[in-house]
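> I'd like to go over a predicted model; first the sequence, then the structure.
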Amino acid sequence: MAKRNLEEYTFADAYIGSFSRNLMNKADLVRLASCKDLTAAENVLQEFGYGEAKELYGGDIEWFIRREQNKLFDLVYDTIPERKELALCLFPFDYHNIKVCLKSEFLGMVPNEDNLMSTGDIDWKSMVAMVRDRNLVFMSPIMREAVLEVADVFSRGHDPQEIDIILDKACYKDMVRAAEENGDEFLIDMVKLNIDILNLKTFTRLKEMNKPWSFFQKVYLEGGNISEQFFISSYEEPYAQIADKLAPYGLREVMAEGGRAIKESGDFAVLERLCENKMMDYCRQAKYCTFGIEPIVGYWYAKEAEIDNLRIILGGILMGSEPDEIIERLREPYV
């Protein structure tokens with residue numbers, strides 16, 4: 001797919017950009033986290049364009065979250081010049097739905113609609129039919145091969161972990177493929193950074209579990225900037241040393257601080273938060289682009305991060321957590 005001229009995004013950039021003024025900053029999130037109940041939280045959310053949230057009246061936070069994700073999906077895909085340009089951002093939802101379909105099939109069950117995502121590139125009802133009937137012609141070649149591989153591997157070993165491993169590797173391979181076909185360097189680098197971060201998080205968890213490096217080889221995601229050999233050669237090294245080696249990839253501080261927290265308390269939350277903030281730092285570059293696909297991707301990532309923060313905040317309020325406890329878990333906002 002040829003890369004579009006910047007002018008072709010003029011309407012989409014202007015329209016989607018008009019919603020950026022409603023994004024919540026850190027102070028807004030802190031104010032929301034300080035609400036005494038979900039009714040008070042709804043009043044604050046209305047200031048930022050969320051409208052009436054009836055789901056919150058009964059404490060149904062997940063349906064509220066899903067509704068807002070669907071609204072974001074519709075906003076972006078009703079506005080951009082061509083849907084396939086950002087289809088790669090929806091592949092994780094497609095592959096999630098494939099997992100649900102295949103696991104249900106192997107258990108002799110019908111996929112539960114509540115477990116399926118409606119924001120994939122392929123409509124979830126179509127996905128259910130495709131997997132059920134093995135009519136995979138409308139899937140990408142990578143996705144199609146992954147479905148057939150899972151069916152074959154599971155029929156021989158009956159290991160449900162293999163389903164996740166095969167489909168996760170295929171998902172990110174598909175994302176790299178789509179980004180490169182799009183030809184936009186911002187998207188390509190974003191996908192590669194995401195893969196590096198996922199590999200880094202997997203690496204640290206397996207390292208702490210004393211899993212053999214051969215298992216990491218099995219789950220390593222290809223397509224990032226950091227090679228498999230880098231991780232394997234670092235398996236026995238202390239986190240401070242690994243952090244220095246990650247400097248060329250911009251992940252030194254993430255590993256240094258995250259690794260320190262893991263060694264001192266066994267807490268992975270610091271590393272997780274730093275990784276998410278690193279992705280946010282990258283996506284914030286889009287704020288300095290006036291035209292093109294970058295401002296659209298930047299807003300999308302910003303809104304996804306905000307919705308994730310809302311899940312943390314609203315869940316904390318429902319559980320009666322103290323505001324400081326909630327705030328400590330939040331991701332950095334876009335603005």
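Sure, I can see it.
> low-scoring stretches of the stretch 1-150 of the chain, by residue?
Residue ranges of the stretch 1-150 of the chain with pLDDT under 70: 1-6.
> quick one: the helices in it?
10-17, 26-33, 38-46, 61-77, 91-106, 124-133, 141-157 (DSSP state H, counting those that start in this stretch).
> save these as CSV, and put in distance to Val176 and mean neighbour count too.
All C-beta atoms are positioned from the backbone trio N, CA, C, and that covers glycine. Formatted as CSV, these follow (distance: least, Cβ to Cβ, whole Å; neighbours: other Cβ atoms under 10 Å):
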stretch, distance to Val176, mean neighbour count
helix 10-17, 24, 16
helix 26-33, 32, 18
helix 38-46, 36, 17
helix 61-77, 21, 17
helix 91-106, 10, 21
helix 124-133, 21, 17
helix 141-157, 10, 16
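> between the ones you listed, which gets nearest to Leu200?
Nearest to Leu200, of all the helices of the stretch 1-150 of the chain, is helix 91-106, at 17.8 Å by Cβ to Cβ.
> between the closest one and helix 124-133, how big is the angle?
Angle, helix 91-106 to helix 124-133, by axes from the mean of the first three to the mean of the last three Cα atoms, to 10 degrees: 40 degrees.
> dump the helices of the stretch 1-150 of the chain to a markdown table, plus distance to Leu206.
Compiled in a markdown table, these are given as follows (distance: least, Cβ to Cβ, whole Å):
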| stretch | distance to Leu206 |
| --- | --- |
| helix 10-17 | 39 |
| helix 26-33 | 33 |
| helix 38-46 | 38 |
| helix 61-77 | 30 |
| helix 91-106 | 21 |
| helix 124-133 | 30 |
| helix 141-157 | 20 |
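> and of those helices, who's closest to Leu251?
Closest among those, using Cβ to Cβ: helix 91-106, at 21.3 Å.
> using CSV, list the CA coordinates for that closest one.
What follows is helix 91-106 as a C-alpha-only set of coordinates in CSV (Å, rounded to 0.1, in the frame of the first residue of the first chain):
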residue,chain,number,x,y,z
PHE,A,91,-4.8,-7.0,15.2
PRO,A,92,-4.4,-7.7,18.9
PHE,A,93,-8.2,-7.7,19.2
ASP,A,94,-8.5,-10.0,16.2
TYR,A,95,-6.0,-12.5,17.6
HIS,A,96,-7.7,-12.3,21.0
ASN,A,97,-11.0,-13.3,19.3
ILE,A,98,-9.2,-16.2,17.5
LYS,A,99,-7.9,-17.4,20.9
VAL,A,100,-11.4,-17.4,22.3
CYS,A,101,-12.8,-19.2,19.3
LEU,A,102,-10.2,-21.9,19.2
LYS,A,103,-10.1,-22.5,23.0
SER,A,104,-13.9,-22.8,23.0
GLU,A,105,-13.8,-25.2,20.1
PHE,A,106,-11.2,-27.4,21.8
